[in-house]
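1. Please find the sequence and the predicted model below.
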Amino acid sequence: MSFDYSETQHHVAESAKKFAEQYIRPHIMEWDEAQFFPADLLKKAGEYGFMGVLVPHELGGAGLGYHEYIAIIEEISKVDPSIGLSIAAHNSLCTNHILSFGSEEQKQKWIPKLASGEWIGAWGLTEHNTGSDAGGMSTTAVKDGDDWVLNGAKNFITHGKSGDVAVVIARTGEKGDSRGMTAFVVEKGTKGFSSGKKEDKLGMRASETAEIIFNNCRIPDYQRLGDIGDGFIQSMKILDGGRISIGALSLGIAKGAFEAALKYSKERIQFGKPISSFQGISFKLADMATEIEASELMLHKAAFLKNEGRKMTKMSAMSKMYASEVCVKVADEAVQIHGGYGYTKDFPVEKFYRDAKLCTIGEGTTEIQKVVIAKNILK
């Protein structure tokens, strides 16, 4: 066992840190307040290899593993979790779904554009009335000759408006049948495919979240991913890796909030000395640091299992659940340590506090993670 980053991992983390400082930090609050999604920034991220982290070199990707992936998402999220979320969703959901289940022809058609950042990816599973109950989806795909006709809508879709291509799960069988859903790739500009309402959110405001709509959207059968009826099973496998993404996002938020709180506690003078010297504050910092360390170790164990191709559903659920709950707690304590200043936009912890909550909800709520964990330990 080794707990040290390799030379490559150090290099990747440093590259992500420099990218975030140069291209993201100057615009954080501007983008947040305007709910502006900087699509061009993601194209720049592609130049750094951050849009195809897990994609092999031969398909135009960086050819890296999950330890490096965690490092990239963590460093970017320490500066702005919104951008970390967008890069994570592009990599682990849309791109990874095509990479994992597409044919060689499909990979060649879509992956190089996604890996380079030329195209931005979206992924559609959630619907208005089916969040955790994805099996009850209403969006349908009906076979018509050599084509499929899609009807319905998906919501809470990252890059729902700006995405150039979306992987969409639609019902091809009966509701509630885990073998009754199929995955399709739909390109922007396809007739009958449009975006709807853009969400006005509490946090993660520079990451675009919108509805996507299908109105007699006709696509050829070669845009189907895998076998008919495999869409839900594919999605559950994709979400195993996606949980590592949200865990890495959570880790970045927690570290960003902790570092801000630690710095402030050393600078803020009360009763003639820095507040970090008071036990009430130092114990908060000790708890925060310990729980962040535990989150990091769990995430990298999940990454190790994923890289090795071993079963990691339980570990990914554990690491996502723990890291996301820790990041909410750490962000809360960071605001508390800042006192009244933590409630203002003059300090970064206010934004970390708003951004953190998404992590306990997205890609499976804390409660759903407990269902997954319990199911695996009770087998």
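-> Great, that's in hand.

2. Might you calculate how far stretch 297-314 sits from the centre of the chain?
-> Distance of stretch 297-314 from its chain centroid, counting by C-alpha atoms, centre = their mean, to the nearest Å, is 17 Å.

3. mean confidence score for that stretch?
-> When pLDDT is averaged along stretch 297-314, the result is 97.

4. all helices of the chain, in order?
-> 7-19, 28-34, 39-47, 66-79, 81-89, 96-101, 104-116, 231-267, 279-307, 313-338, 349-356, 366-377 (DSSP state H).

5. contacting residues for residue 125?
-> By C-beta atoms under 8 Å, 6 or more residues apart in numbering, the residues touching residue 125 are 134, 137, 154, 169, 235. C-beta coordinates here come from the backbone N, C-alpha and C atoms, glycine included.

6. Repeat the analysis, applying 10 Å as the threshold.
-> For residue 125, the contact set (C-beta atoms under 10 Å, 6 or more residues apart in numbering) comprises 93, 97, 131, 134, 137, 139, 154, 156-157, 167-170, 181, 183, 231-232, 235-236, 238-239, 363.

7. Residue 29 now?
-> Residue 29 neighbours (C-beta under 10 Å, 6+ apart): 80, 206, 345-346, 348, 350-351.

8. Dump the helices of the chain to CSV, plus distance to residue 273.
-> CSV is the format used below for the helices of the chain (distance: least, C-beta to C-beta, whole Å):
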stretch, distance to residue 273
helix 7-19, 32
helix 28-34, 31
helix 39-47, 42
helix 66-79, 28
helix 81-89, 33
helix 96-101, 50
helix 104-116, 52
helix 231-267, 11
helix 279-307, 11
helix 313-338, 15
helix 349-356, 22
helix 366-377, 39
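
9. most tightly surrounded among the ones you listed?
-> Comparing the helices of the chain by mean neighbour count (mean count of other C-beta atoms under 10 Å), helix 81-89 ranks first with a mean of 29.

10. tilt between that one and helix 39-47?
-> Helix 81-89 runs at 60 degrees relative to helix 39-47, counting by axes from the mean of the first three to the mean of the last three C-alpha atoms, to 10 degrees.

11. re earlier: so which of the helices of the chain comes closest to residue 195?
-> helix 39-47 (13.4 Å; C-beta to C-beta).

12. What angle do helix 66-79 and that closest one make with each other?
-> Using the same axes, to 10 degrees: helix 39-47 against helix 66-79 is 150 degrees.

13. mean confidence score for helix 39-47?
-> Averaged across helix 39-47, pLDDT comes to 97.

14. For residue 207, list the residues it contacts.
-> Here residue 207 is in contact with 31, 35, 37-38, 80-89, 158-159, 201, 355, 358 (C-beta under 10 Å, 6+ apart).

15. Now it: phi and psi?
-> When read as degrees, to the nearest 10, the backbone of residue 207 gives phi -100, psi 120.

16. Start and end of stretch 37-52, how far apart?
-> 19 Å (C-alpha to C-alpha, to the nearest Å).

17. Just checking the distance from that stretch to the centre of its chain.
-> With C-alpha atoms, centre = their mean, you get 15 Å for stretch 37-52.

18. now stretch 339-351
-> For stretch 339-351, the distance to the chain centre is 25 Å (C-alpha atoms, centre = their mean).
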